[in-house]
Structure formats: structure tokens, C-alpha cells
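In: Sequence first, then the predicted structure:
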Amino acid sequence: MSHDDYRAGLRTFPEARETHVTLDVEGTLPPWLDGTLLRNGPGRFAVGGRDLRHWFDGLALPRRYGFDPVSGTVDHRVRYLRSETYRGAREGRLVSDQFATPAGFATGLRGRLRRLAGVTLTDNAAVSFARVGKRLAAVTETPRMVALDPETLDAGETFSHDDGIDLTGSLAHVGHDPVRGESVNLGVRYGRESEYVLTRRPDGARAREVVARVGVDRPSYVHSFALTPRYAVVTLSPFVTRPRDLLLAPTFLDAFSWRPERGTRFLVVDRETGEVTRLRTGPFLVFHHAAAFEDGDAVVVDLVAHPDHRAVTGLSLASLRSGTPGLPAGRLRRLRLDLDARTVESTTLHEGAVEFPTLDYGAAVGPGRHGWVALAATDPDPPVELPTRVDRLDLSTGDRRSWSQPGTCPGEPLFVPRVPASERAGETREGVLLVELLDPGADRTALVVLDAPTCDRLARVDLPHALPLGFHGQYLRPGHPHERTMA
């Protein structure tokens, strides 16, 4: 694959190609795989004849894969999320600031005045999905969500939690504890005295409860966190902002700066008492945590660590479309946080460049430790900066299984266990990895079903079109509405 073939996944998907079609499966679907895969990501990269500035700014394009192993078919839909942001874009305007693109493309004094006036937070929910009460919603990194019908992809209302907890930002990576039957999330409130707010929400409820509030002078950009049965582990990279910068910078991203001298900090929050233990280590940036576990007086966290802020800034559309974005490689690292000694020890679990870690999330928040992880990995030769293969790594032995197809770009390998966590004890490797695969040469996307223990291909479904590169997904299993397959 040439160095810049991935750019086929950064084209705007024409609204005229929105599809509902039944597709034949090449190979055989496991007989138990009879649910629905939803995937989310950006699909439109221009508004009003002008390009958006960052990959994260693209307008949400959910897609659905409904599996029927009896007939050997997949029901496929793709449809833009009809959010307030999208409806405005169809009229040629942005109705709210995006991650790195200001509303109205205003900069300078106009941008500052708009920010000071408190423009409405975006509802461009292009990252993942969450269940809130009885509703499924597409979510992003603001408190505004969009209700979504998982069968038709029809969008409902834009809504927020109506529980009196005032937040400016809210993570799209929602942790779930199947034992306690609750979702856990981290929010941030920016202001003269900014704070992180850790919340819990019982399954089936809409209202959240505050677990802990932690004041902060310079909030970090936080994309995800990790859970154990007792703790929530929040990693604070030194990509930070100040309230003054948020008011004066033309965009949210512009308000953040890399301060490596601060190091990377950890907040280990006791989920029962709200007590917080603070630790510090050398600087790195993290998007995604794999999982965490407790080991005596320590908490062990596995995550993908990037050396600096270019992991975020390098994802501008101009940089990505240049073919040479210079993205820093993310490494799968294990951090041992000793809560008594307040020390942090680090080891590298995977030497290659990786992202999108996934595992048995239904069992990850449990009493044991996770034994494996799947990743979207990048080949070093030739140097391609976006994923080119899927790896499954045994964390006990170091054994690695891989799958790839030359000239293609795989996305997140989402693990679906054969048996849901609520019906078994402990972690399992029995299941499949579901991977969206961009094939630039054929100008189409495929969905590939891999056997999770071996990475052997079981089935493939070719779509009638090429989809833009996506972010995250959820598998919806009949009869298990609160099962999470992605943190």
C-alpha cells in the first residue's frame, strides 16, 4: 500500500449514497452472531464550500450492520446523523463551534467575541454510542447527545442529562460496570475554578450521581479513562488549557498547549468514597485506555501512549491529506501505580505503532486481570502512518497473532464474545473481532469477521461504496441492552 492511500477515507461521503441494502456474506457467520453492529465516525468534511479543519470535526455518519447467520446475509444501512449541526450544514453554515473549526469560520476578534458570548456546544455526535435510560444515543465529547433508532438510524431529539450536574465537556468513552449495573463517566467544568467530575448512573436511569469532584488549575485534554472494581483511573496528559485560553483562542483545540515539564498525572478515584490519590510520571499523551486491574496496593493500567501532542494536532485534515502527517507512534504500555509509595513504573507491551485497543470489556471491570488485547497496528516498512493490520496480543506470553490484507486500512477491531459476560465467569477469548476495512484500490469498504483467538478470517461483507475512516462502535446483542463492547 502506498503511503497516502488512506486518504480515500477522508473524502466526504455523498448524501445521495445513503444506503439500505441486504448484502451476501462471503464465508460463514458464527450462528450466535445475530445482533447488530453500530459504528460511528465522520463523513462530511466541508460546510458552505469550505473545508473543516480537523478529522474530529467531520459530521457524524453512523452505519449499521444487522447480522443474519441463518440466511448468510447482513442488513447494511448508512445515514448521516440528522443533528442540529447537520441540518445547519445542509444550509451551508455551522451552527456551533467544532473541535478545531469555529462556527461561521470566524477567526480573530470575531472568534473571541463569539466564544465570550457562549456559543452552543455542538451536538455533532460522531464518536461512539451510549444507552441513556431506555434510549440509545450517538455521543461526542460534549454533554449534548442525539437519540438514535438502532434499526433505521433515524435521529431523534438532541438532549442532555437533566440532573443538575453542569458540565462543559463529557467523555464519549463511557465506562460500564456490569457487576454494579452502572455506567461511569468523567466530565469537566471549565471556569475560573475548573474541575473534573466523576459520575455514576445506574442502568436504566437518566440521572447521574456525583462520585467525586476534583479541582484543577489547567485542565488536560482527556478522551478516555479506565475502571477497576474499586477505582476509576484518569490519565492527565500535559496537553493543557486555562480558562483564559478557552475564552480567547479561536477554537477549542487552539486553546490547548503542550507542557511536557508538567509530566503526565494520574487521578486514582475510589468509586465508593470519592477519595483521590495523585501520582505523576514522564510526559505522554493518551487517547485510549485498554483496561486496568488491581494488584495488591497497586493499580495497573494498560494504555496506548503517544510521545507528544502531535497525536492530536497531526490529525488536522490538511496534515492528513498531505500524505506525510508525521504522526507520533503510539505504544501499548503498562503503568503500575503504587498507591502507597506514590510511584509509577512503566513497561512497553507492544513495540509497534498501535491504536484502538479492544478486549473483553464485559469482563474487564472484574476481580481478575485481562489476559489479551486486540489492536489496530501499523507496519513500519514501508512507513504507513495509519493502521495496516489487526494484532491480537497475549499479555502473559507475548504471543502475537495478526491479520492483514495488502493495500487496505483496518479500523478498530471490536471484540464480540460468544457468550455475554453476564452469563459466564471471567474473561473469554471465544468470540470474533469485527473490523471495518477500507480498500482504496477497489474504492469500497468491507466488514471483516475474524476469529478472535486465531485472527483467521471467518467472513467478509463487501459494501457497495467506500466509507470514510471511522472511530468507534458498539455491538447490540438481543436481550442484553446494557452490554458494552467498547469502553
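Out: Received it, and whenever you're ready, just let me know what you need.
In: check contacts around R262.
Out: Counting by C-beta atoms under 8 Å, 6 or more residues apart in numbering, R262 touches R218, P238, V240, P283. Using the backbone N, CA and C atoms, a C-beta is placed for each residue, glycine as well.
In: Among those residues, which one lies nearest to L247?
Out: Checking those against L247 with C-beta to C-beta, the nearest one is R218 at 14.3 Å.
In: Please report how far the residue nearest to that closest one when sequence neighbours are not counted lies from T281.
Out: Distance criterion C-beta to C-beta, 6 or more residues apart in numbering; nearest residue to R218, sequence neighbours excluded, is V240 at 4.0 Å. Here V240 is placed at a distance of 16 Å from T281 (C-beta to C-beta, to the nearest Å).
In: what about those two, which has more around it?
Out: Using other C-beta atoms under 10 Å, the more surrounded residue of V240 and T281 is V240, with 20 against 16.
In: Give me the pLDDT value at that one.
Out: On pLDDT, V240 comes in at 98.
In: For it, list each beta-bridge partner.
Out: Per DSSP bridges, the residues bridged to V240 are S220, S257.
In: Now do the contacts for it.
Out: Contact analysis of V240 by C-beta under 8 Å, 6+ apart lists R218, P219, S220, Y221, F256, S257, R259, R262.
In: can you rerun that using 10 Å?
Out: For V240, the contact set (C-beta atoms under 10 Å, 6 or more residues apart in numbering) comprises 216-221, 255-259, 262, 309.
In: partners of the longest strand seen in the chain, with directions?
Out: For the chain, the longest strand by residue count, based on DSSP state E, is strand 285-295. Sheet pairing of strand 285-295 (DSSP bridges) gives strand 298-306 (antiparallel).
In: Strands of the stretch 201-350 of the chain, residue ranges please.
Out: Remark: strands assigned in the stretch 201-350 of the chain by DSSP state E, counting those that start in this stretch are 209-215, 226-227, 231-236, 239-240, 257-258, 264-270, 276-281, 285-295, 298-306, 331-338, 343-350.
In: so which of those comes closest to V127?
Out: That would be strand 285-295 among those, by C-beta to C-beta, at 10.9 Å.
In: Can you list the buried residues in that closest one?
Out: Of the residues in strand 285-295, L285, V286, F287, H288, H289, A290, A291, A292, F293, E294 count as buried by neighbour count, 16 or more other C-beta atoms under 10 Å.
In: how about the helices of the protein, start to end?
Out: Using DSSP state H, the helices of the chain run over residues 84-90, 108-116, 243-248, 310-313, 317-321, 361-364.
In: For D338, which non-adjacent residue is spatially closest?
Out: D338 sits nearest to A298 (C-beta to C-beta, 6+ apart), 4.8 Å away.
In: ok, what's across the strand from the one you found?
Out: When assigned by DSSP bridges, A298 has beta-bridge partners D295, D338.
In: Verify the stated contact: it with R369.
Out: No. A298 lies out of contact with R369 (C-beta atoms under 10 Å); the separation is 11.6 Å.
In: burial measure for P102, as a count.
Out: 23.
In: next one: R321
Out: 16.
In: these two touch, right, it and L10?
Out: Yes. Between R321 and L10 there is a contact at 6.0 Å, judged by C-beta under 10 Å.
In: Overlap in contacts, those two.
Out: When contacts are counted by C-beta under 10 Å, 6+ apart, the set common to R321 and L10 consists of F45, W55.
In: which regions of this protein sit below the pLDDT cut-off?
Out: Scanning the chain with the threshold set as pLDDT under 70 gives 1-4, 105-119, 381-384.
In: that older thread, tell me which residues touch the residue nearest to D338, please.
Out: A298 touches V268, L335, R336, L337, D338, L339, D340, A341, T343, V344, E345, counting by C-beta under 10 Å, 6+ apart.
In: run the last query once more with 7 Å
Out: R336, L337, D338, L339 (C-beta atoms under 7 Å, 6 or more residues apart in numbering).
In: Can you mark which positions in stretch 431-446 are buried?
Out: The neighbour-count check on stretch 431-446 (16+ other C-beta under 10 Å) flags 431-440, 444-446 as buried.
In: could I get these as JSON lines with distance to G473?
Out: Shown next, in JSON lines, are the buried residues of stretch 431-446 (distance: C-beta to C-beta, whole Å):
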{"residue": "G431", "distance to G473": "14"}
{"residue": "V432", "distance to G473": "13"}
{"residue": "L433", "distance to G473": "11"}
{"residue": "L434", "distance to G473": "7"}
{"residue": "V435", "distance to G473": "10"}
{"residue": "E436", "distance to G473": "8"}
{"residue": "L437", "distance to G473": "13"}
{"residue": "L438", "distance to G473": "15"}
{"residue": "D439", "distance to G473": "19"}
{"residue": "P440", "distance to G473": "21"}
{"residue": "R444", "distance to G473": "19"}
{"residue": "T445", "distance to G473": "13"}
{"residue": "A446", "distance to G473": "15"}
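In: Closest to D24 out of those residues?
Out: Using C-beta to C-beta, the buried residues of stretch 431-446 come closest to D24 at A446, 12.3 Å.
In: residues touching the closest residue to P260 other than its chain neighbours, list them.
Out: Nearest non-adjacent residue to P260, counting by C-beta to C-beta, 6+ apart: P283, 4.0 Å away. The neighbours of P283, taking C-beta under 7 Å, 6+ apart as the test, are P238, P260, G263, T264.
In: count of residues packed around the first one?
Out: Looking back up the chat, that one is P238. Other residues close to P238 by other C-beta under 10 Å number 22.
In: Use 52 as the first number for this chain going forward.
Out: Fine by me, first position is 52 from now on; the one you just mentioned is P289.
In: Please name the residues that touch R372.
Out: Taking C-beta under 7 Å, 6+ apart, one finds R58, L61 in contact with R372.
In: Kindly state the beta-bridge partners for the closest residue to T203 other than its chain neighbours.
Out: Of all residues not flanking T203 in the chain, R128 sits nearest, at 7.3 Å (C-beta to C-beta, 6+ apart). For R128, the beta-bridge partners are H71, R115 (DSSP bridges).
In: Touching, R128 and D205? I think so.
Out: No. Counting by C-beta atoms under 7 Å, R128 does not reach D205; the two are 10.1 Å apart.
In: The two: which is more packed in?
Out: R128 (19 against 12).
In: which residues touch that one?
Out: T70, H71, R114, R115, L204.
In: now it: how far from G462?
Out: Distance, R128 to G462, by C-beta to C-beta: 18 Å.
In: same thing with L501?
Out: Taken as C-beta to C-beta, the span from L501 to G462 is 13 Å.
In: Centre of the chain to stretch 380-399, how far?
Out: For stretch 380-399, the distance from its own C-alpha centre to the chain's C-alpha centre is 22 Å (C-alpha atoms, centre = their mean, to the nearest Å).
In: then it to PDB, C-alphas only?
Out: Taking Å, rounded to 0.1, in the frame of the first residue of the first chain, the C-alpha atoms of stretch 380-399 are listed here in PDB:
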ATOM      1  CA  ALA A 380       3.700   6.300  17.100                       C
ATOM      2  CA  GLY A 381       1.500   5.100  19.900                       C
ATOM      3  CA  ARG A 382       2.900   2.200  22.000                       C
ATOM      4  CA  LEU A 383       0.900  -0.100  24.200                       C
ATOM      5  CA  ARG A 384       2.300   0.500  27.700                       C
ATOM      6  CA  ARG A 385       1.600  -0.900  31.200                       C
ATOM      7  CA  LEU A 386       1.800   1.600  34.100                       C
ATOM      8  CA  ARG A 387       1.900   0.200  37.600                       C
ATOM      9  CA  LEU A 388       0.600   2.800  40.000                       C
ATOM     10  CA  ASP A 389       1.700   2.100  43.600                       C
ATOM     11  CA  LEU A 390      -0.900   4.000  45.700                       C
ATOM     12  CA  ASP A 391       1.100   3.800  48.900                       C
ATOM     13  CA  ALA A 392       4.600   4.600  47.600                       C
ATOM     14  CA  ARG A 393       3.100   7.100  45.000                       C
ATOM     15  CA  THR A 394       5.400   5.700  42.400                       C
ATOM     16  CA  VAL A 395       4.800   4.800  38.700                       C
ATOM     17  CA  GLU A 396       6.600   2.100  36.900                       C
ATOM     18  CA  SER A 397       6.300   1.700  33.100                       C
ATOM     19  CA  THR A 398       6.900  -1.200  30.600                       C
ATOM     20  CA  THR A 399       6.200  -1.500  26.900                       C
END
